[in-house]
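Asker: need a 3D model of the following:
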Amino acid sequence: MGLFACAPVVPSLAVDLRVLELIKTLFIWITPNTTVWSEALEEFLNRRGYYLKTKDSLRCRFSNAYHWYCVLVIQNTEDIAQLIRSTCDTGIQPPDRTLQQPSDYLHERCPACFGRSNWRKEQIPVDCVVCIDACFTQKSSKNPRRREQGQRIARTTADKDVVKVGMKVPISVLEECGGSFIATDKKREKASTQFFSNTRLMVLLCRHDCVLWLANMTSAGKKQHYALALIEKLHQTKPSPSM
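Answerer: The predicted model follows:
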C-alpha cells in the first residue's frame, strides 16, 4: 500500500499504511494511546538488538505520522460525503420541509442514536438522550490554525438570550440558578481572554459521549442561554417532538 512519512520535508521515519490502519482500528476498541504503543514497540525492538539513538524519538515521529494519517482519512471521508450530497437529486424532497428522520449531520455524529430506521416508533418512549456540560480546560485560541467544521454553532446563535414561546420559566429564574454553583460565579475568570477567544466551552453530548455541538462561552458565568441554544440547534436537525 505504501508508506506514510512523519514529516512533509526530510522525514526521518515512514510508517507502513497497513500498520497505521491497524493502529487506527485498534484504537476504536481501546483508549487511544500512541505513547504506550511506541514504548511497547521500542522495547520489542530492543530485545531483538535494534536500538534507537534517542529516547522518545519513535514516539514523537510515530505520533506525528499517525495524527496526520487520521486527519487525511477524516478529510477524505468528508470530501466524499460532500460530493455525494452535492450530486443527490433534491427534486424528490417533500414540499413541507418537515423532517421525518434526523439530519445526515446527526447520523454522522452518532449512528447508534440517530441512524436507526424505526425513528419515532410508538414502542420507543424517547427519541434520544442527550446531556449538556461545560468544560473549563478546553478553550478556543484567538488565532486557531484550523476551524472546526459543523460542530461549533455560531456565536450570534448562542448569544441570543431570548425565551421561545411555550417556556414556563422566566429568564430571571434561569439567571438565579447560577448563584448556587461555583462554576457560575460571574466574578471568577476561568481563563485569560488575552490568549483565548472564550473562557470555556459548553458541549451537547449524546448518551454515547459523541459530541453533537460546541458553543463558545464568551462571557463570565455559566449562562443558561448557551444551553438553550444547543437544545434549539438539536431540534432544528431532528423531527419535532410529539409532546
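Asker: for this protein, which helix is longest?
Answerer: The residue-count maximum for a helix in the chain (DSSP state H) belongs to helix 57-87.
Asker: avg pLDDT for that helix?
Answerer: On average, the pLDDT along helix 57-87 is 87.
Asker: likewise for stretch 134-147?
Answerer: Averaging pLDDT along stretch 134-147 gives 59.
Asker: next SSE downstream of the longest helix of the chain?
Answerer: helix 104-109 (DSSP states H and E).
Asker: so what does that next one touch, helix or strand wise?
Answerer: For helix 104-109, the packing partners by 3 or more Cβ pairs under 8 Å, 6 or more residues apart in numbering; DSSP states H and E come out as helix 57-87, helix 111-114, strand 211-217. Glycine gets a C-beta too; all of them are placed from N, C-alpha and C.
Asker: please repeat the previous calculation with a cut-off of 10 Å.
Answerer: helix 57-87, helix 111-114, strand 200-206, strand 211-217 (3 or more Cβ pairs under 10 Å, 6 or more residues apart in numbering; DSSP states H and E).
Asker: can I get these in a markdown table with distance to residue 132?
Answerer: Shown next, in a markdown table, are those (distance: least, Cβ to Cβ, whole Å):
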| stretch | distance to residue 132 |
| --- | --- |
| helix 57-87 | 25 |
| helix 111-114 | 15 |
| strand 200-206 | 6 |
| strand 211-217 | 9 |
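Asker: export these to JSON lines and tack on mean neighbour count?
Answerer: Converted to JSON lines, those look like this (neighbours: other Cβ atoms under 10 Å):
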{"stretch": "helix 57-87", "mean neighbour count": "14"}
{"stretch": "helix 111-114", "mean neighbour count": "16"}
{"stretch": "strand 200-206", "mean neighbour count": "21"}
{"stretch": "strand 211-217", "mean neighbour count": "22"}
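Asker: which one of the ones you listed lies nearest to residue 34?
Answerer: Closest to residue 34 of these, according to Cβ to Cβ: helix 57-87, at 4.4 Å.
Asker: separation between residue 58 and residue 207?
Answerer: Residue 58 is 38 Å from residue 207, where distance means Cβ to Cβ, to the nearest Å.
Asker: typed the wrong thing, it's residue 43
Answerer: From residue 43 to residue 207 the distance is 39 Å (Cβ to Cβ).
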